[in-house]
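Chemist: Give the three-dimensional model of this entry:
(one chain, ligands or ions: 2)
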Amino acid sequence: MIYIFCAPSGSGKSTMVKHLLSKHPDLFELSVSCTTRQPRGEEVHGREYYFVTVDEFRRRIANDEFVEFEQVYDGLYYGTLKQEIERIEAAGRQVLFDVDVKGGINLKRILGDRATSIFICPPSIDELRRRLEQRGDTSPEMIEKRLAKADKELAYRPQFDRIVVNDDLHHAFAQLDAIIDETK
Ligand code: ADP
Ligand code: 5GP
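Modeler: Ligands and ions are numbered 1, 2, ... in the order given. Here you go, the predicted structure:
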């Protein structure tokens, strides 16, 4: 089973994915996407993302290297590389995707029963703002853009196989563990 994680930015998607990776280090591996945004904080090329120029991204589109790609924010491209799925499955692991809502819906359409799509939901937009501010690695302008987008993304919740409300962290982990147990 492949797991697709989607959520408005700041809802706790990375936290959920990290929980699964640390609980089952030999079972799952995160697909590393390609992006044209700049690395932030401690991010490393090839670990969080393959950071590339817009020209390089366009070359990869022309080369048919993506399963899906989106212009997630103004001028910033993100895409899922076909090669990542092949690499992870060849290593005998199950693929985890952390993608935006549109990308997740597209991946689910492409992968069908091979994948379970999971929407991580923030308890409220106010709490989402607080978490993004507290994380401290996103500029105030980007935070506003992400909050404006969050409202629209929440409307896509019903299109997902499962929804986890990330209010209390340990409760959210327990919900996720139950989903994995049921679907793996
Ligand atoms: P995303 O990957 O969806 O952008 P993150 O996993 O980076 O979100 O979470 C955003 C911020 O909120 C991080 O600083 C994280 O530690 C914090 N966070 C995540 N889940 C919770 C929770 N249940 N309660 C409080 N803070 C949380
Ligand atoms: P961030 O810049 O915060 O790392 O990611 C911004 C958004 O882009 C997040 O919602 C993240 O899930 C999404 N994203 C990351 N990789 C991909 C991808 O390959 N495809 C799509 N469609 N979205 C992605």
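Chemist: now the helices for the protein?
Modeler: 13-23, 54-62, 82-90, 101-111, 125-135, 140-154, 169-183 (DSSP state H).
Chemist: Which one of those lies nearest to ligand 2?
Modeler: helix 101-111 (2.2 Å; Cβ to the nearest ligand atom). In this view, the C-beta of every residue, glycine as well, is placed from N, C-alpha and C.
Chemist: Is that closest one positioned near ligand 2?
Modeler: Yes: residues of helix 101-111 are located near ligand 2 by Cβ under 6 Å from any ligand atom, namely residue 103.
Chemist: Going forward, the N-terminal residue is numbered 259.
Modeler: All set: I'll call the first residue 259, so the last point we hit is now helix 359-369.
Chemist: which residues sit against stretch 291-305?
Modeler: Stretch 291-305 has contacts (Cβ atoms under 8 Å, 6 or more residues apart in numbering) with 290, 306-312, 315, 318, 324, 327, 331, 333-339, 342, 356-357, 395-396.
Chemist: so residue 279 makes contact with residue 288?
Modeler: Yes: the pair residue 279 / residue 288 is scored as a contact, 6.5 Å apart, by Cβ atoms under 8 Å.
Chemist: before we move on, back to that, among the contacts of stretch 291-305, which ones are buried?
Modeler: 290, 306-310, 315, 318, 324, 327, 335-339, 342, 356-357, 396 (16 or more other Cβ atoms under 10 Å).
Chemist: and the contacts of stretch 291-305, which of them are in strands?
Modeler: 307-309, 324, 327, 331, 334-339, 356 (DSSP state E).
Chemist: so which two of those are the farthest from each other?
Modeler: Maximum pairwise distance among these (Cβ to Cβ): 19.5 Å, between 331 and 339.
Chemist: Residue 403: what's it in contact with?
Modeler: Applying Cβ under 8 Å, 6+ apart, the residues contacting residue 403 are 331-332.
Chemist: The same query, at a cut-off of 10 Å, please.
Modeler: 267, 331-332, 396-397 (Cβ atoms under 10 Å, 6 or more residues apart in numbering).
Chemist: Quick check, pLDDT for the most centrally placed residue in the chain.
Modeler: Closest to where the C-alpha atoms of the chain average out (Cα atoms, centre = their mean) is residue 356, at 1.8 Å. We have a pLDDT of 94 for residue 356.
Chemist: ditto for residue 419
Modeler: Predicted confidence (pLDDT) for residue 419: 98.
Chemist: Against ligand 2, how distant is it?
Modeler: Going from residue 419 to ligand 2 by Cβ to the nearest ligand atom, to the nearest Å gives 17 Å.
Chemist: Surely residue 337 and residue 317 touch.
Modeler: No: judged on Cβ atoms under 10 Å, residue 337 makes no contact with residue 317 at a distance of 11.9 Å.
Chemist: would a markdown table of the helices of the chain with mean pLDDT be doable?
Modeler: Listed next are those as a markdown table, based on pLDDT from 0 to 100:
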| stretch | mean pLDDT |
| --- | --- |
| helix 271-281 | 95 |
| helix 312-320 | 97 |
| helix 340-348 | 96 |
| helix 359-369 | 96 |
| helix 383-393 | 94 |
| helix 398-412 | 92 |
| helix 427-441 | 97 |
